[in-house]
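Engineer: Structural data only, the sequence is not supplied:
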Ligand SMILES: Nc1ncnc2c1ncn2[C@@H]1O[C@H](COP(=O)(O)OP(=O)(O)OP(=O)(O)O)[C@@H](O)[C@H]1O
């Protein structure tokens, strides 16, 4: 199991009390599958991703990334786990304005000191259909193309877990659907355990499993059979 959350509770300070953002949440995403979490604004989706990314430590429950339990890891060890095993795609592609598409990926690869990953940068740009745009800077790309670079960059260090937050919010319907198809394909091909959070129910079609988040509670809508 590449991403595993069990009985996870997360609260934030809220005036004199605490606000429960995640209420005994359980989620298992096997390698090579895309799990979608749909829910309205404020339901806890980003909090779920932050916990899965080991950016926030929950009040209770268990989280395991690629079989590694995160409880008890030092901040330094969590940072290593994040760099090695977790790719994150945010809503807005936070690309560096002065770098070409290829360089965005190469910088990530070098940050982790993995030379082999630099060679993968080109292959990944091909995989997301941007092989012929490798030397363009973000302002020379469309919104959909920028999001493709963003996805390719998150995959350059071959993470086992890919966390994706509303990847199509800046795109029209057609380009959004293309980005989702791409995510589903890369998930299968690269064997990542991918979590996609979204408020858009039409995104569920591309997913293997679907869950709904409401007031911090996660319930299954559809679990893949077979
Ligand atoms: N740092 C924080 N401190 C206090 N409360 C927070 C904090 N972050 C989030 N919350 C609250 O926790 C709840 C869940 O927020 P979260 O951002 O996880 O929801 P979401 O489903 O991702 O929303 P959106 O779709 O609008 O991004 C909300 O009620 C929010 O106001």
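Structural biologist: Nice, I can see it. Note that the structure is predicted; figures quoted are calculated from it, not measured.
Engineer: hang on, isn't residue 49 packed against residue 163?
Structural biologist: Yes: the criterion here is C-beta atoms under 8 Å, and residue 49 meets it with residue 163 at 4.9 Å. Just so you know, the C-beta spots here come from the backbone N, C-alpha and C atoms, and that holds for glycine as well.
Engineer: Find residues that contact each of the two.
Structural biologist: Counting by C-beta atoms under 8 Å, 6 or more residues apart in numbering, the contacts common to residue 49 and residue 163 are 88, 195.
Engineer: Which one's more surrounded, these two?
Structural biologist: residue 163 (25 against 21; other C-beta atoms under 10 Å).
Engineer: who's in contact with the more buried one?
Structural biologist: Contacts of residue 163 (C-beta under 8 Å, 6+ apart): 49, 52, 53, 86, 87, 88, 89, 194, 195.
Engineer: For the fourth one, grab the count of nearby residues.
Structural biologist: A count of nearby residues for residue 86, using other C-beta under 10 Å, gives 24.
Engineer: Would you check how far apart it and residue 200 are?
Structural biologist: Distance, residue 86 to residue 200, using C-beta to C-beta, to the nearest Å: 23 Å.
Engineer: what about the residue positioned nearest the centre of the chain, is that helix, strand or coil?
Structural biologist: Residue closest to the mean C-alpha point of the chain, counted by C-alpha atoms, centre = their mean, is residue 163 at 1.4 Å. Counting by DSSP: H, G, I helix; E, B strand; the rest coil, the backbone at residue 163 sits in strand.
Engineer: Dig out what it forms beta bridges with.
Structural biologist: Residue 163 has the following beta-bridge partners by DSSP bridges: residue 88, residue 195.
Engineer: ok, it to the ligand distance?
Structural biologist: 12 Å (C-beta to the nearest ligand atom, to the nearest Å).
Engineer: What of residue 23?
Structural biologist: Distance from residue 23 to the ligand, by C-beta to the nearest ligand atom: 11 Å.
Engineer: any idea which helix or strand of the chain has the worst average confidence?
Structural biologist: Least confident helix or strand of the chain, by mean pLDDT, DSSP states H and E, is helix 115-127 with a mean of 81.
Engineer: list the helices and strands the helix or strand that comes right after that helix packs on?
Structural biologist: Towards the C-terminus, the helix or strand next in line after helix 115-127, according to DSSP states H and E, is helix 143-155. With contacts taken as 3 or more C-beta pairs under 8 Å, 6 or more residues apart in numbering; DSSP states H and E, helix 143-155 sits against strand 86-89, helix 101-111, helix 115-127, strand 161-165, helix 173-190.
Engineer: List the residues that contact the closest residue to residue 149 other than its chain neighbours.
Structural biologist: Spatial nearest neighbour of residue 149, excluding adjacent residues (C-beta to C-beta, 6 or more residues apart in numbering): residue 101 at 4.8 Å. Contacts for residue 101 (C-beta under 8 Å, 6+ apart) come out as 125, 130, 133, 134, 135, 136, 137, 141, 149, 152.
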